[in-house]
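J.: Here's my sequence, what's the structure:
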Amino acid sequence: MDLSVIIPVYNVEKFLAKCLDSVLNTFWNGVTIEILLVNDGSPDGSLAIAEKYQQEHREIKIISQENKGLGGARNTGIKNASGNYLFFLDADDYLINDQLTVLVKEAVHSDLDILEFGAKRVDLNGNVIDEIFQYLPTQVLSAEQYLMQIDFANSACNKLYKRDFLLQNNITFFEKTWIEDAPFNIEAISKASKVKAASNIPVAYLQNPDSITRGTRALSAQRKFIEDSIKVTAYIDRFSNFHTLQAANLKIQNRVATFVAGILLYILKCDCTKKDKIGYVHQLSKQNLYPCHYKSPVLTRNMFLRFANNRVFTKLLGSNLLSIFK
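T.: Purely as a prediction, here's the structure:
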């Protein structure tokens, strides 16, 4: 099996048929595929749609489980996949041409651990909003070379991963956690031997205005987002001195700084109490993430970090934070 397309299924009855049709109608040109639908305890009619397609297409396999979130569904896909390469496709996204076939053949030919490519963002009517992850094609690079040369995406949905590489290095997603893609990719790219970027754009990402990630979050969701963000940023920071070349480490440190700035900004805007905000900053401090001594390549975030690292910022939240600077 050349490729396993892993599609988590949860409350996607409006989109699943289009997603599956796009994969099934792709001209695979000799590339053998399977489609793993991981039913993550979906309460809507998604499973019925999946079962209908399974009856008509032998490439489709359905795995049902209690809800483990997007990361947990992807982990189940990894464990049950047969393909030499894995492609994570969200059920509200879809393939737009036959370019994934070309990319799979390139990954096999070069024996890559990871192959990264571009995508288009579209609205509910299929209108193109923009193109993202636009890369110039590269040669096969080591992890350190790739980190230094490519501003790679946090997303796991614009890459092909060699299954054996992930399994041998025990690389998995955080389960029931916001931003699960970022630590997964930092670890994967850091441990890879052969990585490459391509200019091909085979997939469309739906920008759904009703998505929970774009709507207003309830306070409980705000709290979880902050806690999860601290957890994944601390995990990413484990790789900030992982490499032999300091220039490669610096790229990861830059990402840590960008995440920390985002967390601090979110804490400021959060609807929680001042006491809770102080507690979250103390959590950052315990993880050695605050004060942040790394620089973000994003100018506005770097400027904010300079402000956040001084006493003026701590006074905005509470005098208890001043102990961090002692």
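
J.: Could you tell me how far residue 311 is located from residue 245?
T.: According to C-beta to C-beta, to the nearest Å, residue 311 and residue 245 sit 36 Å apart. Placement of C-beta: from N, CA and C, glycine included.

J.: can you pull the buried residues of stretch 15-24?
T.: 15-20, 22-24 (16 or more other C-beta atoms under 10 Å).

J.: So which elements touch the helix or strand of the chain with the lowest mean pLDDT?
T.: Lowest by mean pLDDT, DSSP states H and E among the helices and strands of the chain is helix 311-317, with a mean of 71. Counting contacts by 3 or more C-beta pairs under 8 Å, 6 or more residues apart in numbering; DSSP states H and E, helix 311-317 is packed against helix 246-269, helix 274-286.

J.: what's the angle from the first one to helix 274-286?
T.: Interaxial angle, helix 246-269 versus helix 274-286 (axes from the mean of the first three to the mean of the last three C-alpha atoms, to 10 degrees): 170 degrees.

J.: For helix 246-269, buried residues please.
T.: Going by neighbour count (16+ other C-beta under 10 Å), the buried part of helix 246-269 is 248-264, 267.

J.: Spit out the contact partners of residue 46.
T.: Each residue near residue 46 by C-beta atoms under 8 Å, 6 or more residues apart in numbering is listed here: 9-13, 16, 39, 91.

J.: ok, now with 6 Å
T.: By C-beta atoms under 6 Å, 6 or more residues apart in numbering, the contact set of residue 46 is 9, 12-13, 16.

J.: same question, residue 85
T.: 3, 107, 160, 162.

J.: And it, how far from residue 37?
T.: On the measure of C-beta to C-beta, residue 85 and residue 37 end up 18 Å apart.

J.: related to what we said a few turns ago, return the subset of the buried residues of stretch 15-24 lying in helices.
T.: Judged by DSSP state H, the subset of these located in helices is 16-20, 22-24.

J.: ok, residue 220 - how many residues close by?
T.: Residues lying near residue 220 (other C-beta atoms under 10 Å) number 9.

J.: should've said residue 82
T.: Neighbours of residue 82 under the rule other C-beta under 10 Å: 14.

J.: Throw the helices and strands packed on helix 311-317 into TSV and include mean pLDDT and distance to residue 100, thanks.
T.: Output for the helices and strands packed on helix 311-317, formatted as TSV (pLDDT from 0 to 100; distance: least, C-beta to C-beta, whole Å):
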stretch	mean pLDDT	distance to residue 100
helix 246-269	96	27
helix 274-286	92	39
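
J.: Turn those into JSON lines, columns for distance to residue 32.
T.: Shown next, in JSON lines, are the helices and strands packed on helix 311-317 (distance: least, C-beta to C-beta, whole Å):
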{"stretch": "helix 246-269", "distance to residue 32": "35"}
{"stretch": "helix 274-286", "distance to residue 32": "47"}
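
J.: Out of those, flag the one nearest residue 297.
T.: helix 246-269 (5.0 Å; C-beta to C-beta).

J.: other SSEs contacting the closest one?
T.: With contacts defined as 3 or more C-beta pairs under 6 Å, 6 or more residues apart in numbering; DSSP states H and E, helix 246-269 has these neighbours: helix 143-149, helix 219-237, helix 299-308.

J.: Swap in 7 Å and give it another go.
T.: helix 143-149, helix 219-237, helix 274-286, helix 299-308 (3 or more C-beta pairs under 7 Å, 6 or more residues apart in numbering; DSSP states H and E).

J.: Next, count neighbours for residue 4.
T.: By other C-beta under 10 Å, 23 other residues sit near residue 4.

J.: Likewise for residue 30?
T.: 9.

J.: Check residue 57 too.
T.: 12.

J.: you'd agree it is up against residue 24?
T.: Yes - Residue 57 is within contact range of residue 24, at 6.0 Å (criterion: C-beta atoms under 7 Å).

J.: Farthest pair within the ones in helices among the buried residues of stretch 15-24?
T.: So, these by C-beta to C-beta: farthest apart are 16 and 24, at 12.1 Å.

J.: In three-state terms, label the residue lying closest to residue 254 once chain neighbours are set aside for me.
T.: Residue nearest to residue 254 in three dimensions, not counting chain neighbours: residue 297, with 5.0 Å by C-beta to C-beta, 6 or more residues apart in numbering. Secondary structure assignment for residue 297 (DSSP: H, G, I helix; E, B strand; the rest coil): coil.

J.: I'm done for today, thanks for sticking with me.
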